[in-house]
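S.K.: dropping a prediction and its sequence here:
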Amino acid sequence: MEPGEIHALLGENGAGKSTLMNVLYGLYQPDEGEILVDGKPLKLKGPSDAIAAGIGMVHQHFMLVPVFTVAENVMLGAEQVKGGFTGFLDRRRARREVAEVSERYNLRVDPDAVIEDLPVGIQQRVEIVKALTRDVDLLILDEPTAVLTPQETEELLTVMRSLKEAGKSIVFITHKLGEVKAIADRITVIRRGKTVGTAEPSASRDELAALMVGRSVRLTVDKKPAQPGKPILEVAGLVVDDDRQVRAVDGIDLTVHAGEVLGIAGVQGNGQTELIEAIMGLRPVLAGSVTLDGQAVHGWSTKKVLRAGVGYVPEDRSVDGLVKEFSVAENLVLDIYDQPPFGKGLSLKPDAIAKSAKERVEQFDIRTSSADAAVGTLSGGNQQKVIVARELSRPLKLFIAAQPTRGVDVGSIEFIHSRVIRERDIGTAVMVVSSELDEVIGLADRIAVMYRGRIIGVVGPDTPREEIGLLMAGITPDTATTTADGPGNEDEA
Amino acid sequence: MSTTAVPEVAVTAVDEGFWTRARKTGAVLLALGVLATVLFGALATGQQARFTLSETEGGAALEINGTVGAILFGIIAAAAGAALLAGVPKRWFTLVLGVGLVAFVLSFLCWQVSAAPEGRNFMPLVNVIRGTFILALPLIFGALAGVLCERSGVVNVAIEGQLLMGAFSGALFGSISGSVWVGLVAAAIGGALISLLLAVFAIRYLVDQVVMGIVLNLLAVGVTGFLYERLMQTDATKYNSAPRFSNWEIPLLKDIPLLGPALFRGNIFLYVGLLLVLVIHIALFRTRWGLRTRSVGEHPTAADTLGVKVLRLRYRNVLMAGLVAGVGGASYTLALYSFTKNMIGGKGFIALAALIFGRWSPTGALLAALFFGFADQLATYLGAIGSSIPSQFLAMLPYLATILAVAGLVGKVRAPAADGKPYIKG
């Protein structure tokens, strides 16, 4: 690393980027090898050593205490105290420090705001302020753009440029090619824990992608034009609260037709989760209606909704999708274990369950040592395939997939995408919710963008990314204040 | 490049519909008020209900005709309920609710005192206040032990055991040495021993903290019960006759009317308890230790990335909690009674309720403890004046109050986010 350099670390999920950086930050200990700073080897026993050596890190999942103020979060671990011995906090000084740093780098952070009230973009800036007040020379940003809208991403890139001008070095970890090309001075590509190459930002997207995954990947999904039929799912005026009784879905109307994929795009936390859970009967519907193939289903139990012909891939597979300690075979019949041929009366039919499991494992290419292995021992991609296999084994009218490929390897992504499209082609109505815009664009025939509990716009899949990005930030074409040279230009390659 | 102005939309307030929490509370209070007016008013006699400002019947007193008082305070309670039901500004909620509840209790007392037999139809406020604090004292210490533990993310169900062990060690070592101070130190160490076990198993071996707490309570009951039978019962003069702290009168403060005799002529434990509430409250919210403790209880990973030693801090806080609870246990054996088997009798669990009721804050826990102490004291008082309410019901009062408090009155409380979750690095 050179001073004042932005170095991008590019690699797939699970390639070892975050682990490497956690070692650099002292959170993990290296098994062998050493770290050199200014030519001298450095032994990091913990994060405080890293901070002392001038290394700061912004983690993928923010390391902020939600109920603390910005100033409290910034001073934690390096508190200024009045009169040493008593340890009374010098809050005024902490506030001033936050104000100074945020002014100097144009970060616009209010020291007295409480973290949980702030949008993620601002929270991220708090993390940066936290590192800067500790006088770091090297800042590690771990997947900083994963939770941001395209506009917030653009602002972050601006911040990174100004940090670079101030002589700070930045390690920028990501798997998004566009951002890398827009900002990096040098690129290192990592695959399966090894450096597989370095590249200049001028390298083309395809070259970088090939380096990253080790083979050429289809970045798009092959599919024929949709043949939409009659409306299957109709949602009208739906109102739903989240767990904290805050309105999460605020009057949504949408329709999904047989034989089409409706994609729901949006930054996470804009009501997508609650919308899906309300449709599935997992969350009370406060107002409005949900109609499945002409029949009102709101107020139904989840079991009844499933039996009515709905397949559901929940967004968090380990919490809602699978029983980790159960075997693959058992997980495959979680929805219909009490129905023939798998169960009758009070007893299960293990033979039938085993036989069907064997078939599914083959059909869906689930890589497991055996159908009796606990599902928790499988890789993320194969766990997800178990869920998809289970849900697609019933005759469906509607298939809802929330974040179907989160934390899933590239091979499994391709497989799951192809199954989604195949389901569409046999006439099922499909709804895909994803925070990965590329996934939504690739799969959907129509895209509905959610913002603050409402559908802010419905667009076609060939709509420019910038336009969808603006919608995700809550800016509709008629309220937009931006001009044609607007953000999103990093994705032109 | 251009930066886009993203409009910062304020988070829209939740529309809870008509039946907000304030309104529901108001409806219940209104019903209570009407009940008080009608029932207590009808049952009260025309005698004067006297609330004396001393320990005896004589001296200055607040007096009111029983029937008039019961009806008047009943109406006030109902009015407060009606106000909440009609909708008052949010910042007045606590005040109006407080007025309403106090009025309800007063209405009840007007009935009880006026209906008491001649010669006993008065309420000595000094005794009631003093009794409230004395009964609340173990709860205060216990709840503070809970605050220290749980703010750093370790659930402390073992308060009962810590109090009991403190009471036992205080009695035993106080008796052997003949010194209250040795007894006090031994009590603190006794409480800390239970804490140490909790800390090691919860932090080092990741045992479920609630289960561990319950096991430790049983262990404390068993160990102290065994030693009580083997040692203390065989030779009570040698092993169970600890010296007691005498009462310390605080100059000037002891002469305040009503509060002086009630609070400032007490023993060291009362002063230490109240002082600890203040000290821990300030320390928790204004010092480096407090900030780190709270961060570890909320988001230990974040604290770790900033160089805070999560496990060390948890060990330290859990041990401190044991010291505090141990001293609380000694407030029995080094001031009031000699040790008896299982003498804490569930107070540790009420302390846990006070901790929750007080929203994990030291001052909140103090108020909650006083509330429970008052309920307890009231039961004692009503028994003494020969109340028409069966004594079994009176004995239930504090527990009933606990259930109401923990279930309904507190509303939604938020525990420290990482409370009860072991921290595993990486």
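M.R.: Cool, got the structure.
S.K.: use CA for all of it now, contacts and neighbours both
M.R.: Fine.
S.K.: any stretches of chain A with poor pLDDT?
M.R.: With pLDDT under 70 as the threshold, chain A has low-confidence stretches at A:1-2, A:12-18, A:38-39, A:83-86, A:192-193, A:205-206, A:209-210, A:212-220, A:244, A:478-493.
S.K.: okay, domains of it per the record?
M.R.: Listed domain ranges for chain A are A:6-213, A:231-472 (source: automatic domain parsing).
S.K.: could you point out which of those sits nearest chain B?
M.R.: domain A:6-213 (4.1 Å; Cα to the nearest Cα).
S.K.: how about CSV for the domains of chain A, with distance to residue B:417 added?
M.R.: CSV is the format used below for the domains of chain A (distance: least, Cα to Cα, whole Å):
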stretch, distance to residue B:417
domain A:6-213, 9
domain A:231-472, 14
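S.K.: what would those domains look like in JSON lines with mean neighbour count and distance to chain B?
M.R.: Output for the domains of chain A, formatted as JSON lines (neighbours: other Cα atoms under 10 Å in any protein chain shown; distance: least, Cα to the nearest Cα, whole Å):
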{"stretch": "domain A:6-213", "mean neighbour count": "19", "distance to chain B": "4"}
{"stretch": "domain A:231-472", "mean neighbour count": "20", "distance to chain B": "6"}
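S.K.: looking at those, which is nearest to residue B:254?
M.R.: Closest of those to residue B:254 is domain A:6-213, at 30.8 Å (criterion: Cα to Cα).
S.K.: so which residue is dead centre in chain B?
M.R.: residue B:369 (1.7 Å; Cα atoms, centre = their mean).
S.K.: run the chain-centre distance for the helix or strand hosting residue B:93.
M.R.: Here residue B:93 sits within helix B:93-115, counting by DSSP states H and E. The chain centroid and the centroid of helix B:93-115 are separated by 20 Å under Cα atoms, centre = their mean, to the nearest Å.
S.K.: residues touching the closest residue to residue B:217 other than its chain neighbours, list them.
M.R.: Using Cα to Cα, 6 or more residues apart in numbering or on different chains and skipping the chain neighbours, the partner closest in space to residue B:217 is residue B:161 (4.2 Å). Contact partners of residue B:161, counting by Cα atoms under 8 Å, 6 or more residues apart in numbering or on different chains, are B:191, B:194, B:216, B:217, B:218, B:219, B:220, B:221, B:348.
S.K.: what does residue B:173 give?
M.R.: B:182, B:183, B:186, B:239, B:242.
S.K.: can you list the domains in chain B?
M.R.: If you go by automatic domain parsing, chain B breaks into B:7-115, B:126-406.
S.K.: before we move on, back to that, for the helix or strand harbouring the residue nearest to residue B:217, which positions count as buried?
M.R.: Assessed by DSSP H and E, residue B:161 sits inside helix B:159-177. The neighbour-count check on helix B:159-177 (16 or more other Cα atoms under 10 Å in any protein chain shown) flags B:159-176 as buried.
S.K.: quick one on the thing from earlier: deepest of the domains of chain B, which one?
M.R.: domain B:126-406 (a mean of 22; mean count of other Cα atoms under 10 Å in any protein chain shown).
S.K.: where do the helices of the stretch 251-400 of chain B begin and end?
M.R.: B:259-263, B:268-286, B:288-298, B:300-305, B:310-333, B:347-357, B:362-384, B:391-404 (DSSP state H, counting those that start in this stretch).
S.K.: ok, which of these comes nearest chain A?
M.R.: Closest approach to chain A among the helices of the stretch 251-400 of chain B (Cα to the nearest Cα): helix B:300-305, 4.2 Å.
S.K.: which residues touch the closest residue to residue A:240 other than its chain neighbours?
M.R.: Nearest-residue entry for residue A:240: residue A:249, 4.8 Å, with adjacent residues in sequence omitted and distances by Cα to Cα, 6+ apart. Residues counted as contacts of residue A:249 (Cα under 8 Å, 6+ apart) are A:238, A:239, A:240, A:241, A:271, A:272, A:274, A:275, A:452, A:453, A:454.
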